[in-house]
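Trainee: Just the structure for this:
(chains A, B, C and D)
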There are 2 protein chains.
Amino acid sequence: MAADCLMSLMGKLPSPRLLTEEALGMIARRFALLAEPMRLRLLHALFEGEKPVNALVTLSGGTQANVSRHLQALAEAGILSRRKEGLQVFYAIADPSIFKLCDLVCGSLEQKLVRDAEAFGHRSSGQA
Amino acid sequence: MAADCLMSLMGKLPSPRLLTEEALGMIARRFALLAEPMRLRLLHALFEGEKPVNALVTLSGGTQANVSRHLQALAEAGILSRRKEGLQVFYAIADPSIFKLCDLVCGSLEQKLVRDAEAFGHRSSGQA
DNA sequence: GACATATATGCGCAAACGTGCATATAGTTG
DNA sequence: CAACTATATGCACGTTTGCGCATATATGTC
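Mentor: As a prediction, this is how the structure comes out:
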């Protein structure tokens, strides 16, 4: 199960000895890519399907340069796919695990919010 | 599904208007907590079960101060639980979604590594 | 009380990161 | 070829963040 996810990952890598740190770094980088609001915004926009950069710029409200950088980072990590068609470049979600990751995190956050709200109500008779 | 995970999250929050950014920030922070090798190391150590801080210091190889900070951050986010027993403080994984999150990320990384390895074998030279 | 152990915190520093600006590259159209 | 659009990149800046050091707090022991 999850307890040995790092182990299973190590088995797939070329030199199994030094890779504990390397595997951790890879996992950390993966999570780090999802740890930016702007990138999450872009991913959320791509949940609907493939989109060109200019559309993502409009939807996200970010600068073209920034959006381009973020998309490139996500694509290099294999999270997004990149397709060039004429002048435009279309990005799409290439890693379906992203959906489940977001679902898990959002579900967990919902539970935490509900718990905190209940704890709030129990301690003080009113709400803030 | 995942496409409207932000929406469902928004429904649970007190003021539904401004919360799109706030929800994104919460999700981003959640992922950011998992984006550090040291914190991943601590979580991995806690996969076996509840452990005191000093044990986690030994297992992770980090400084006591750092380990304490990381544990505190994870506990404040609700990912870890904190139990005080005498001089020692025991931390444990309180959010079971962490297991699935790690599984998903590790599985995705495995696939990517295999793909890259195959692409490496097909071409005589690869790109970085 | 003094002392020891376990954990948490204040402070400063160095590295990493996101962002904006200007500009470069690629491709289309006249 | 020139002009235009879409995307990518070099550079500098401000913020954030993880870390180490020393120290503070808490609890148990003598």
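Trainee: In chain A, spot the helix with the most residues.
Mentor: For chain A, the helix with the greatest residue count under DSSP state H is helix A:97-123.
Trainee: any idea how far that helix is from the chain center?
Mentor: Mean-position distance between helix A:97-123 and its chain equals 17 Å (Cα atoms, centre = their mean, to the nearest Å).
Trainee: near DNA strand D, which residues of chain A?
Mentor: A:52-54, A:57, A:64-65, A:68-69, A:71-72, A:82, A:87-89 (Cβ under 7 Å from any atom of the strand). Every C-beta, even on glycine, is put in place using the N, C-alpha and C of the backbone.
Trainee: make it 10 Å
Mentor: Neighbours of DNA strand D within chain A, by Cβ under 10 Å from any atom of the strand: A:28, A:32, A:35-36, A:51-58, A:63-73, A:75-76, A:82, A:84-91.
Trainee: that older thread, in the longest helix of chain A, what counts as buried?
Mentor: Going by neighbour count (16 or more other Cβ atoms under 10 Å in any protein chain shown), the buried part of helix A:97-123 is A:97-106, A:108-110, A:112-113.
Trainee: Starting from B:Leu109, give me the distance back to A:Glu110.
Mentor: The gap separating A:Glu110 from B:Leu109 is 27 Å, by Cβ to Cβ, to the nearest Å.
Trainee: same check, this time on A:Ser60
Mentor: Distance, A:Ser60 to B:Leu109, using Cβ to Cβ: 26 Å.
Trainee: which residues does the residue most central in space within chain A contact?
Mentor: Geometric centre of chain A, nearest residue: A:Leu34, 3.0 Å, by Cα atoms, centre = their mean. Residues in contact with A:Leu34 (Cβ atoms under 8 Å, 6 or more residues apart in numbering or on different chains) are A:40, A:43, A:98, A:101, B:27-28, B:31.
Trainee: Kindly provide the distance from it to B:Arg39.
Mentor: According to Cβ to Cβ, A:Leu34 and B:Arg39 sit 15 Å apart.
Trainee: Just list the residues touching A:Ser60, thanks.
Mentor: Residues near A:Ser60 by Cβ under 8 Å, 6+ apart: A:38, A:41-42, A:45, A:67.
Trainee: Turn those residues into CSV, including neighbour count, pLDDT and distance to DNA strand C.
Mentor: As requested, the contacts of A:Ser60 are exported to CSV (neighbours: other Cβ atoms under 10 Å in any protein chain shown; pLDDT from 0 to 100; distance: Cβ to the nearest atom of the strand, whole Å):
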residue, neighbour count, pLDDT, distance to DNA strand C
A:Met38, 17, 97, 4
A:Arg41, 22, 95, 9
A:Leu42, 25, 96, 10
A:Ala45, 17, 95, 14
A:Val67, 25, 98, 8
